[in-house]
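**Student:** just a sequence and a predicted model for now, questions to come.
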Amino acid sequence: MTLAELVAGSVHDAAPALIGWTFLVDGVGGRIVEVEAYDADDAASHSFRGPTQRNAVMFGQPGRLYVYRSYGIHWCANVVCGPVGNGSAVLLRALEPTHGLDRMRARRGTDDDRLLCSGPGRLTQALGLTGTHDGAELGVPPFELVAPDRAAPVERTTRIGITRAADHDWRYVEKGTSWSSRGRRAA
DNA sequence: CAGTGGATGCTCT
DNA sequence: GAGCATCCACTGT
């Protein structure tokens, strides 16, 4: 499956299908092990109340990056999905670091590899993503999204860190991973 | 360990 | 003026 095919469909199909893909920015990144789906009928989604200046990218071309500031401090990155105008996206919550570990350690200011990409704010910091990347097209430099050799086993749970529509099971985690943002295990 | 609260800026009410 | 799709440091066991 190509990236274009994957993001063109429903966000609820694309989100679990993204698990196991390798996401790189300028050669730095890793395997996607945790994501969440957000659509326009979802009270927790930025697109719920229709297009605004901030969420404009969510209503544009699929396969682009939607980046927003979270809690005034962090950046969070999403992959826009579905047909143009439907306002859905997949929040990237955690990666298993595989490429450019040294650059990620330097950006994050830690030698604990478990803390490099296990969380949406950490992930963007490790990969150097900021608001300047909002609306950027994925799959072209400096971005790279590589499909896994075979589909990864995926677990489905409730989303994290939201107050509304928190009961929707739209969080997807690679089964058995120790790199997710919750439930870490020793290496 | 678990639980709490502060940092910090922008969007929408 | 409220409320965040978060993270970290600090507290008390």
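**Tutor:** Looks like it arrived, so ask away.
**Student:** does residue A:23 belong to a helix, a strand or coil?
**Tutor:** strand (DSSP: H, G, I helix; E, B strand; the rest coil).
**Student:** what stretches of chain A score poorly on pLDDT?
**Tutor:** By pLDDT under 70, the weakly predicted segments of chain A are A:183-187.
**Student:** residue numbers of it in contact with DNA strand B?
**Tutor:** A:46, A:49, A:52-55, A:69, A:71-73 (Cβ under 7 Å from any atom of the strand). No exception for glycine: its C-beta is placed from N, CA and C like everyone else's.
**Student:** filter these down to the ones near DNA strand C?
**Tutor:** A:46, A:71-73.
**Student:** separation between residue A:127 and residue A:154?
**Tutor:** 22 Å (Cβ to Cβ, to the nearest Å).
**Student:** cool, and residue A:3?
**Tutor:** 18 Å.
**Student:** who has more neighbours, the two?
**Tutor:** For residue A:3 versus residue A:154, the count of surrounding residues by other Cβ atoms under 10 Å is larger for residue A:3: 20 against 17.
**Student:** contacts only, for the more buried one.
**Tutor:** A:63, A:138-139, A:145, A:147 (Cβ atoms under 8 Å, 6 or more residues apart in numbering).
**Student:** and the strands in chain A?
**Tutor:** Secondary structure of chain A (DSSP state E): strands at A:22-25, A:28-38, A:65-70, A:74-81, A:88-99, A:143-146, A:154-157, A:171-174.
**Student:** save those strands as TSV, and put in distance to residue A:110 too.
**Tutor:** Output for those, formatted as TSV (distance: least, Cβ to Cβ, whole Å):
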stretch	distance to residue A:110
strand A:22-25	19
strand A:28-38	15
strand A:65-70	19
strand A:74-81	15
strand A:88-99	12
strand A:143-146	24
strand A:154-157	26
strand A:171-174	22
